[in-house]
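Asks: Please find the sequence and the predicted model below.
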Amino acid sequence: MTTLVSMKQTQEAITLVKKRFEEQFSTRLGLTRVEAPLFVESTLGVNDHLNGTERVIRFDAIDHQTELEIVQSLAKWKRQALHTYGFAKGEGLYTLMHAIRRDEVLDETHSIHVDQWDWERVISKEERTIDYLQTTVRAIYASIRQVEREVEEQLAIEAILPETIHFMTTQELEDAYPTLSAKERETEVTKEFGAVFLMQIGGALASGEKHDGRAADYDDWTLNGDILVHHPEIGAFELSSMGIRVDRETLLAQIETTGEHAKLDFPFHQGVLAETLPLTIGGGIGQSRMAMFLLKKRHIGEVQASVWSEETRASYRAQGVHLL
């Protein structure tokens, strides 16, 4: 496996990957870049509460009456922004999102600092389908492969992604590997196909278990998924989480499942229920994850400046890997 050793070379390569992918995917999806907040008002209900167990970082400000909180992602903020900015059907936005997730369990691919391209596009009721979701996934995947080929040409790092991405539901995955854990299943299926869009994440499977958690108030659990690829040394590697967003009916149904009825009083949720917010599709694409995969790095700390324990740094240093 070819990779870059020099930290300076790596920094230059990170710039190449981010610049070219941003150009590729925003053009293919027809997205306009907008500015995004680092923090939002707690009372608006637009922050992403992820699985509902992660602690949000809240703080006050000297000249602001309302409590503020650092974003964990912009899944709901983007949908509100499309409405506020007057985007029409078929139009969309993207932004460079930075978040802090203090309860993230750190490993080779997870950091307290989350950086991603967050994007959202207005769709019609008729476009809330599996076919539309898969067409969008193929456009994003084509952008990833295009940049991978450019990295191979310019940096001599081998391109390994297959020409097409394989589609599979979480139930089909459980049926195929009933004795394995969710993470082990992902590793096996990405090893087989190279690239997979794993669909329908959030609801309970036939076993009674969830493949993974998803907040009940942004993705429609029947119309969402993750883009997974196979990293040569790590195994299953998530590049993107995305989906068609909840409409009135799916919001009520999924909130009923989780019992989070209090959320329905927030302005954002009232907008979904009143159908004043547009129907949308959207997601997040990891910036450091993309650089890590395309540059064949073994730890996200090689492409992202964050905090790591001295034990982690020493362990990788002993292997000739230096974390930023």
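Replies: Here it is on my side, so go on.
Asks: which one's the longest helix in this protein?
Replies: helix 130-155 (DSSP state H).
Asks: tell me what that helix is packed against?
Replies: helix 7-29, strand 195-199, strand 219-231, strand 235-245, strand 280-286, helix 287-294 (3 or more CB pairs under 8 Å, 6 or more residues apart in numbering; DSSP states H and E). Where you see a C-beta, it was placed from the backbone N, CA and C, and this is true even at glycine.
Asks: and with 6 Å instead?
Replies: The contact analysis (3 or more CB pairs under 6 Å, 6 or more residues apart in numbering; DSSP states H and E) places helix 130-155 against helix 7-29.
Asks: Which positions within the helix or strand just after the helix it packs on qualify as buried?
Replies: Sequence order places strand 31-33 as the next helix or strand after helix 7-29, per DSSP states H and E. Across strand 31-33, burial judged by 16 or more other CB atoms under 10 Å covers residue 31.
Asks: Just give the nearest non-adjacent residue to residue 216, would you?
Replies: Excluding the flanking residues, the one nearest residue 216 by CB to CB, 6 or more residues apart in numbering is residue 254, at 3.8 Å.
Asks: picking that back up, how much does the longest helix of the chain deviate in direction from strand 219-231?
Replies: Angular relation of helix 130-155 and strand 219-231 on a 0 to 180 degree scale: 30 degrees, by axes from the mean of the first three to the mean of the last three CA atoms, to 10 degrees.
Asks: Do me a favour and get the end-to-end distance for stretch 224-237?
Replies: Start to finish, the residues bounding stretch 224-237 are 17 Å apart (CA to CA, to the nearest Å).
Asks: Run a quick neighbour tally on residue 137.
Replies: The number of residues packed near residue 137 is 20, by other CB atoms under 10 Å.
Asks: I'd like the numbering to begin with 23 instead of 1 from here.
Replies: In the new numbering, first residue 23, that becomes residue 159.
Asks: Quick check: it touching residue 220?
Replies: No: the pair formed by residue 159 and residue 220 falls short of the contact definition of CB atoms under 6 Å, at 10.6 Å.
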